[in-house]
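Participant: below: sequence and its predicted model.
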Amino acid sequence: MEWLQVRDVLAGDGAGEKACIRGWIHRKRQSKKIAFLVVRDGTDVIQTTVRAGTEPFPEAEKVTIESSVEVEGTVHADARAPGGKELRVEKLRIIGLSDTFPITRDQSTELLMDLRHLWVRSVPMNRVMRLRAAVFQASREYFDTMGFVEVHPPMFITAACEGGSTLFKVPYFGKKAYLTQSSQFYLEALITGLERVYCVAPSFRAEKSRTTRHLTEFWHIEAEEAFCGLEGTMRTQEDLVAHICQTIATRFPEELQAMGRDPEVIAGVKAPFERISYDKSIDILQGRGVDIPWGADLGTKEERELTMEFEQPFFVYHYPAEAKAFYHRLDPEDSSKVLCADMLAPEGHGEIVGGGERTWTIEEIMSRINEEELDTTDYEWYLDLRRYGGVPHAGFGLGAARLIKWICGMEHIRDALPFPRTMNRIYP
């Protein structure tokens, strides 16, 4: 017989029809007369029942939690069962008998992190990974619709994009190399041939941060646009995030509800987003009793406090030049500020997107590099982009895990991906 996915069995009209499924034993309970085996595959869970005295009952008694099995039986409606149907078993084959599974209810976070390779099969992680996949799919849908071209920059680099203190140095055949902090520079190179480009790729930051929103390895959704300024890239960012939110709320309302998230809240995220200047953000924070001087970058604490003033994502723009990297273009009307903006998510989540207009003339970029006392030899190829037909351009980087953390209402970013990497976690 044809193997069916559990989702299709539950969705079908086939009460009284035969069905064959395969998966893993998710839950088990039994008496002398009957065994209830909840079977999980990659799509859903279904209750199966095995009666005493039938051929498969000895196998049902022997099978353990997380054993892999093949099950054949008849579908019956049962309002008490998950999904409203159960499979009454006629044949049961144990493929891989599991040892006593080490994860039970009410386990510590540390144990679940140590056993992440087993925890990823849980229903909560299943939901998260499906939502992650949907976020990346929705982002590609948006970019494709808007005429962006997906590209694939390198992960080994020779110069810092976000400051040398957060670079991971790696041996590279006797040469100096690092893991990329961002694909931005390479996207800037590619716009001269393709104009609008994006990539979905990992980035690495050696930040010694023990916060609920920092990872040392994370997936970045980055984009660059030629002939674009600060306002243009903010419009792209808000349209992208709004599209992702609409997609998730429409396609996965049940998953959001299971996570305690109201789908209507996510469906209500629509562009345009509110924009406030850095100056106004400082006024708001100081009015809320936060001790922060003008010129300081907004950290985790400050962003969390600031987001309490908003119910939707919003932008903070025109940061002080001293607080941002050299590639951000100085504001022609006020050289103490740069033409950049961060998108912050409400409810305490903070920055999810960072971007802005890039310094695009050779004179401006050389001035900024000299101010930062950087070695120009590390950036010769990057300078060539300005020497040979440079144009105004802008772009951004969206942290996928941070976006998912906010959409799902999670407390910690480690729950937004299957195998998180932090400064104190690299196993498994």
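Facilitator: Thanks, I have it. Numbers count the residues shown, from 1 in each chain.

Participant: CA only for contacts and neighbour counts going forward, please
Facilitator: Fine.

Participant: and the helix or strand harbouring residue 249, which residues are buried?
Facilitator: Assigned by DSSP states H and E, residue 249 falls within helix 230-251. Within helix 230-251, the residues scored as buried using 16 or more other CA atoms under 10 Å are 230-234, 236-249.

Participant: how about stretch 44-56?
Facilitator: Neighbour-count burial for stretch 44-56 [16+ other CA under 10 Å]: 44, 45, 46, 47, 48, 49, 50, 51, 52, 56.

Participant: so what touches it?
Facilitator: 6-7, 10, 26, 32-40, 57, 60, 81-83, 85-92 (CA atoms under 8 Å, 6 or more residues apart in numbering).

Participant: and for stretch 338-348?
Facilitator: 230, 234, 303-321, 324, 328-331, 350-358, 403, 406.

Participant: show the buried residues in those.
Facilitator: Looks like the contacts of stretch 338-348 have 230, 234, 303-307, 312-321, 324, 328-331, 350-358, 403, 406 buried, using 16+ other CA under 10 Å.

Participant: what's the local residue count around residue 259?
Facilitator: Here the number of neighbours of residue 259 (other CA atoms under 10 Å) works out to 15.

Participant: residues contacting it?
Facilitator: Counting by CA under 8 Å, 6+ apart, residue 259 has contacts 408, 409.

Participant: between the buried residues of stretch 44-56, which is nearest residue 411?
Facilitator: Residue 411 has its nearest neighbour among these in residue 44, at 25.3 Å by CA to CA.

Participant: distance-wise, check the closest one relative to residue 23.
Facilitator: Distance, residue 44 to residue 23, by CA to CA, to the nearest Å: 10 Å.

Participant: secondary structure element holding the spatially closest residue to residue 394 that is not a sequence neighbour?
Facilitator: In this structure, residue 394 finds its nearest non-sequential neighbour in residue 357, 4.1 Å apart by CA to CA, 6 or more residues apart in numbering. Here residue 357 sits within strand 350-357, counting by DSSP H and E.

Participant: in the stretch 151-300 of the chain, which spans are helices?
Facilitator: Remark: helices assigned in the stretch 151-300 of the chain by DSSP state H, counting those that start in this stretch are 184-194, 230-251, 253-258, 263-267, 278-287, 300-307.

Participant: who wins for proximity to residue 212 among these?
Facilitator: Using CA to CA, the nearest of the helices of the stretch 151-300 of the chain to residue 212 is helix 300-307, at 9.1 Å.

Participant: for that closest one, packing partners?
Facilitator: helix 278-287, strand 340-345, strand 350-357 (3 or more CA pairs under 8 Å, 6 or more residues apart in numbering; DSSP states H and E).

Participant: again, 7 Å this time
Facilitator: Contacts defined by 3 or more CA pairs under 7 Å, 6 or more residues apart in numbering; DSSP states H and E place helix 300-307 against strand 350-357.

Participant: state the mean pLDDT of the helix or strand following the strand it packs on.
Facilitator: Using DSSP H and E, the helix or strand that follows strand 350-357 in sequence is helix 362-371. The average of the pLDDT scores along helix 362-371 is 95.

Participant: for helix 362-371, name the packing helices and strands.
Facilitator: Helix 362-371 packs on helix 380-387, going by 3+ CA pairs under 7 Å, 6+ apart.

Participant: contact partners of the helix or strand where residue 8 lies?
Facilitator: Using DSSP H and E, residue 8 falls within helix 6-11. Residues outside helix 6-11 that contact it (CA atoms under 7 Å, 6 or more residues apart in numbering) are 21, 41, 43, 44, 45, 46, 83, 85.

Participant: would you turn those into CSV with pLDDT and distance to residue 393?
Facilitator: Formatted as CSV, the contacts of helix 6-11 follow (pLDDT from 0 to 100; distance: CA to CA, whole Å):
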residue, pLDDT, distance to residue 393
21, 98, 53
41, 97, 47
43, 94, 43
44, 95, 45
45, 96, 49
46, 97, 52
83, 91, 51
85, 95, 56
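
Participant: which one of those is nearest residue 395?
Facilitator: With CA to CA as the yardstick, the closest approach to residue 395 among the contacts of helix 6-11 comes from residue 43, at 36.7 Å.

Participant: distance of that closest one from residue 273?
Facilitator: Distance from residue 43 to residue 273, by CA to CA: 35 Å.

Participant: who's more crowded, those two?
Facilitator: residue 273 (18 against 13).

Participant: ramachandran angles for residue 338?
Facilitator: With angles defined as degrees, to the nearest 10, residue 338 sits at phi -120, psi 160.

Participant: that one: what's its closest spatial neighbour, skipping adjacent residues?
Facilitator: residue 330 (4.3 Å).

Participant: where do the helices of the stretch 1-150 of the chain begin and end?
Facilitator: Using DSSP H, counting those that start in this stretch, helices in the stretch 1-150 of the chain cover 6-11, 57-62, 109-114, 116-119, 123-145.

Participant: could I get the ones you listed as TSV with mean neighbour count?
Facilitator: Shown next, in TSV, are these (neighbours: other CA atoms under 10 Å):
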stretch	mean neighbour count
helix 6-11	18
helix 57-62	16
helix 109-114	13
helix 116-119	16
helix 123-145	17
